[in-house]
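[1] When you get a sec, could you give me coordinates for this:
(chains A and B)
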Amino acid sequence: MKERSIKRTIAEIIAWFVALVVFILPFLFMLLNSLKDRRGANKLALTLPETFEWGNYSKVLTENNFQVLRAFKNSFLLMILSVAVLVIFGAMAGYVLQRRSSKVTAFASTLLMIGLMIPASILPTIWVLQALHIYQTLFAMVMIEAALNFPFTIMLFRGFMDTIPRELEEAAMIDGCNKGQIFYKVVFPLLKPVTSTVIILNAVTIFNDFTNPLYFWPGTQNTTVQLTLYTYLGQYSSSYNMLFADVILITIPMLVLFLIFNKKIIDGMVAGAVKG
Amino acid sequence: MQKAVKPRARTGDSIYSYWFLVPAFVIFIVFFIVPMVISLYFSMTVWDFESSRFVGLDNFKTFLSTYSMSIGIKNTFIYAILTSGIKVILAFFIAVFLTGKIRSKNILRSIVFFPNLVSAIAIGIAFKALMHPTNGLINRGLALLGISGPDWLGNRNIALYSVIFTDIWKGLSIATVIYIAGITSIDQSYYEAAEIDGATGWQKIRYVTLPLTASSRNTVIILSFIGGLRSFELIWTMTGGGPGFATDVLASIIYKQYAQGYYGLSTAGNVIMLALTAILAFPLQAFLNRKEGK
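    Residues are numbered from 1 along each chain as shown, chains lettered A, B, ... in the order given. Just a heads-up that it's a prediction; the model follows:
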């Protein structure tokens, strides 16, 4: 027995070593280098900075006429609006899809299945946006993020509806609630656990999205945080301190989210992945 | 006042109005399904956003016969198969370890999980620096062991595999977490029974854990396979498809053709990606589900 526990401890120490080297080191490396001056950072060494250049961070935020700050504003706006659309309309759709089974709901579910698997058709989407005269607008970007994340979101809501008894809705109806009230006053509050999963998953996906803003929201005023990273990669390819400072700044919101909701996020990701 | 409740309404479907489907599905159909359908037409044209000229299957012929584009199909296959194959194996063993009797498993799980929240662009930038041929930490580490490391992203024979490695690093977390969920839901009595029969630790993994995590495994395969077919962000940040066309995949070619104004070719690439997903992913899922059902 004793030998086994020693073996286990050794395995655990090795696991820690591997986890630190493989998963922590890359972030530590960026953090340290983001605080160096340009010459120091370009050596790409894993050493403490000689002097801590905290100014790199304010420089990143104010550079190019506050481009990164504007990008943060855009990214948060996009994230909040898209998540709101996804939660409200997604919950409504998931509710009816689970409660009714008919040709209409079967067809709707097939469409969602296609949406889960098939990648977006990019240029034809731009064509549609131009036809509607909304290309390069925040509104269009919200619609795109919503459309691409609806399949997953609706599936999650539909799956969770299974656990809510119909009797509640019937009771509410007898009490005189109309269809809308039944949903918003009775059903929607009961969806809270899956709603928080949906919020977290979509917030992370949309905040980290690069491809869709790249195609559908071009223009210097519209830049999102991930796009600034890409711009920096070209602009500051020989100033790794600035590049890494931008990376760290952009990762902080996700880190904060993770530290607060650690378990919730992991559980949510699993629920999401398994349902999908 | 409220009308009397009809019996049909109490048990029937009428309280679940189809109107509830409308907002979500209007958005989904207008911004996803419609573009998907018209992409079939535009892929057979030479077009800009104002006008189009029908050319039949010319775009597909050009795509498949031009090296700089057809290589993308091959690379996409390699990328999707390797990333999903390696993730599904590695993540299984990490999950088995992290569900074992170790004290700090919660912290370790969090550490493994965190990369999943970091954007692909940020991770691409980090690994591009780590894989720098002379200054990068990876080659410095290898130098300490007396090995002179290659130019990970500059050598056309290994660049694709370097990006695949990074993709696995990023994607392992979610795969591991899915497996952990599967393993923790296995009834403990299976392990007890195996122990009574005198099974060793390895045998328990092989004959209990492995078969009973089939549905987690299928989820990991499908998710990473579909993700692999459409992968773009890591490749675009780390190599931009280069050196030459060595790491170009379908998604990066779609972007390049678009940036150069070849909208028809770009759309054709998009349709090829769509077709590959439909031809491969749907049957793969059906196959895995059937196996799971047995």
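[2] what helix or strand does the most centrally placed residue in chain A sit in?
    Taking CA atoms, centre = their mean, the centroid of chain A lies closest to A:V204, which sits 1.7 Å from it. Element membership for A:V204 (DSSP states H and E) is helix A:192-208.
[3] Show me how far that helix is from its chain's centre.
    7 Å (CA atoms, centre = their mean, to the nearest Å).
[4] Quick check: mean pLDDT of stretch B:22-32?
    For stretch B:22-32, the mean per-residue pLDDT is 96.
[5] Residue 208: how many residues sit nearby?
    No chain specified, so I'll use chain A. 24 (other CB atoms under 10 Å in any protein chain shown). For every residue, glycine as well, the C-beta is placed using N, CA and C.
[6] not quite, I wanted chain B
    19.
[7] what about the strands in chain B?
    Secondary structure of chain B (DSSP state E): strands located at B:45-47, B:52-54.
[8] Which one, of the ones you listed, ends up nearest to chain A?
    strand B:45-47 (8.5 Å; CB to the nearest CB).
[9] what about the helix or strand A:L129 falls within, distance to the chain center?
    Taking DSSP H and E as the definition, A:L129 sits inside helix A:122-131. Helix A:122-131 has its C-alpha centroid displaced from the chain centroid by 24 Å (CA atoms, centre = their mean).
[10] Dump it to PDB, restricted to CA.
    Output of helix A:122-131 as PDB, limited to C-alpha atoms (Å, rounded to 0.1, in the frame of the first residue of the first chain):
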ATOM      1  CA  ILE A 122     -18.700  33.400 -46.500                       C
ATOM      2  CA  LEU A 123     -18.900  35.400 -49.700                       C
ATOM      3  CA  PRO A 124     -22.600  34.700 -50.300                       C
ATOM      4  CA  THR A 125     -23.200  35.900 -46.800                       C
ATOM      5  CA  ILE A 126     -21.500  39.200 -47.700                       C
ATOM      6  CA  TRP A 127     -23.700  39.300 -50.800                       C
ATOM      7  CA  VAL A 128     -26.800  39.000 -48.600                       C
ATOM      8  CA  LEU A 129     -25.600  41.700 -46.200                       C
ATOM      9  CA  GLN A 130     -25.000  44.000 -49.100                       C
ATOM     10  CA  ALA A 131     -28.400  43.300 -50.600                       C
END
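[11] For it, buried residues please.
    A:122-129 (16 or more other CB atoms under 10 Å in any protein chain shown).
[12] Can you narrow those residues down to the ones near chain B?
    A:122-128 (CB under 8 Å from any CB of the partner chain).
[13] Rebuild those as TSV, extending it with pLDDT and distance to A:F261.
    Formatted as TSV, these follow (pLDDT from 0 to 100; distance: CB to CB, whole Å):
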residue	pLDDT	distance to A:F261
A:I122	93	32
A:L123	94	37
A:P124	94	37
A:T125	95	32
A:I126	95	35
A:W127	94	39
A:V128	95	36
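[14] tell me the two of the residues you listed that are most distant?
    A:I122 and A:V128 (10.9 Å; CB to CB).
[15] quick check: mean pLDDT across the helix holding A:V204?
    89.
[16] which residues sit against it?
    Helix A:192-208 is contacted from outside by A:75-76, A:78-79, A:82-83, A:86-87, A:90-91, A:145, A:149, A:152-153, A:156-157, A:159-160, A:188, A:225-226, A:253-254, A:257, A:261, A:264-265, A:267-269, A:271-272, B:117-121, using CB atoms under 8 Å, 6 or more residues apart in numbering or on different chains.
[17] Would you mind writing the CA trace of it as PDB?
    The C-alpha coordinates for helix A:192-208 follow below in PDB (Å, rounded to 0.1, in the frame of the first residue of the first chain):
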ATOM      1  CA  LYS A 192     -31.600  29.500 -15.500                       C
ATOM      2  CA  PRO A 193     -28.900  26.700 -15.300                       C
ATOM      3  CA  VAL A 194     -28.800  26.200 -19.000                       C
ATOM      4  CA  THR A 195     -29.100  30.000 -19.700                       C
ATOM      5  CA  SER A 196     -25.900  30.600 -17.700                       C
ATOM      6  CA  THR A 197     -24.200  27.900 -19.800                       C
ATOM      7  CA  VAL A 198     -25.400  29.500 -23.000                       C
ATOM      8  CA  ILE A 199     -24.200  32.900 -21.900                       C
ATOM      9  CA  ILE A 200     -20.700  31.700 -20.900                       C
ATOM     10  CA  LEU A 201     -20.200  29.500 -24.000                       C
ATOM     11  CA  ASN A 202     -21.400  32.200 -26.500                       C
ATOM     12  CA  ALA A 203     -19.600  35.000 -24.700                       C
ATOM     13  CA  VAL A 204     -16.300  33.200 -24.900                       C
ATOM     14  CA  THR A 205     -16.800  32.100 -28.600                       C
ATOM     15  CA  ILE A 206     -17.900  35.500 -29.800                       C
ATOM     16  CA  PHE A 207     -15.200  37.500 -27.800                       C
ATOM     17  CA  ASN A 208     -12.500  35.200 -29.300                       C
END
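[18] what comes up buried for it?
    Applying 16+ other CB under 10 Å to helix A:192-208 flags A:194-208 as buried.
[19] Please see if the helix or strand just after it touches chain B.
    Along the chain past helix A:192-208, the next helix or strand (assigned with DSSP H and E) turns out to be helix A:211-216. Yes - using CB under 8 Å from any CB, we find that helix A:211-216 touches chain B at A:211, A:214-215.
[20] now do stretch A:71-84
    No - Stretch A:71-84 is not in contact with chain B by CB under 8 Å from any CB; minimum separation 10.5 Å.
[21] and what of stretch A:15-30?
    Yes - applying CB under 8 Å from any CB, one finds stretch A:15-30 touching chain B at A:15-16, A:19-20, A:22-27, A:29-30.
[22] Can you get me the start-to-end distance on that stretch?
    23 Å (CA to CA, to the nearest Å).
[23] one step back: okay, and the common contacts of A:I122 and A:V128?
    The contact lists of A:I122 and A:V128 share B:P35, where a contact means CB under 8 Å, 6+ apart.
[24] about what we covered before: now restrict the contacts of helix A:192-208 to buried residues only.
    A:75, A:78-79, A:82-83, A:86-87, A:90-91, A:145, A:149, A:152-153, A:156-157, A:159-160, A:188, A:225-226, A:253-254, A:257, A:264-265, A:267-269, A:271-272, B:117-121.
[25] which residues does B:I272 contact?
    B:60, B:63, B:73, B:250.
[26] start to end distance for stretch A:202-216?
    18 Å.
[27] typo on my end, it should be stretch B:149-162
    Terminal residues of stretch B:149-162 are spaced 12 Å apart (CA to CA).
[28] May I see the buried residues of that stretch?
    For stretch B:149-162, a neighbour-count test (16+ other CB under 10 Å) marks B:149-154, B:158-160, B:162 as buried.
[29] Not counting that stretch itself, show me its contacts.
    B:75, B:78-79, B:82, B:127-128, B:131, B:133, B:136, B:138-139, B:142-143, B:163, B:238-239, B:242-244, B:246-247.
[30] Would you write a PyMOL line that selects the buried entries of those?
    Applying 16+ other CB under 10 Å to the contacts of stretch B:149-162, the buried members can be selected in PyMOL as follows:
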select buried, chain B and resi 75+79+82+127+128+131+136+138+139+163+238+239+242+246+247
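[31] Please list which of the contacts of stretch B:149-162 are also close to chain A.
    B:127, B:136.
[32] Can you show me the helices along the stretch 51-200 of chain A?
    A:55-99, A:103-117, A:122-131, A:138-161, A:167-174, A:179-181, A:188-190, A:192-208 (DSSP state H, counting those that start in this stretch).
[33] residues contacting residue 127?
    Picking chain A for this. B:35, B:38, B:42, B:49 are the contacts of A:W127 under CB under 8 Å, 6+ apart.
[34] wait, I meant chain B there
    Contacts of B:F127 by CB under 8 Å, 6+ apart are A:26, B:162, B:166, B:169, B:238.
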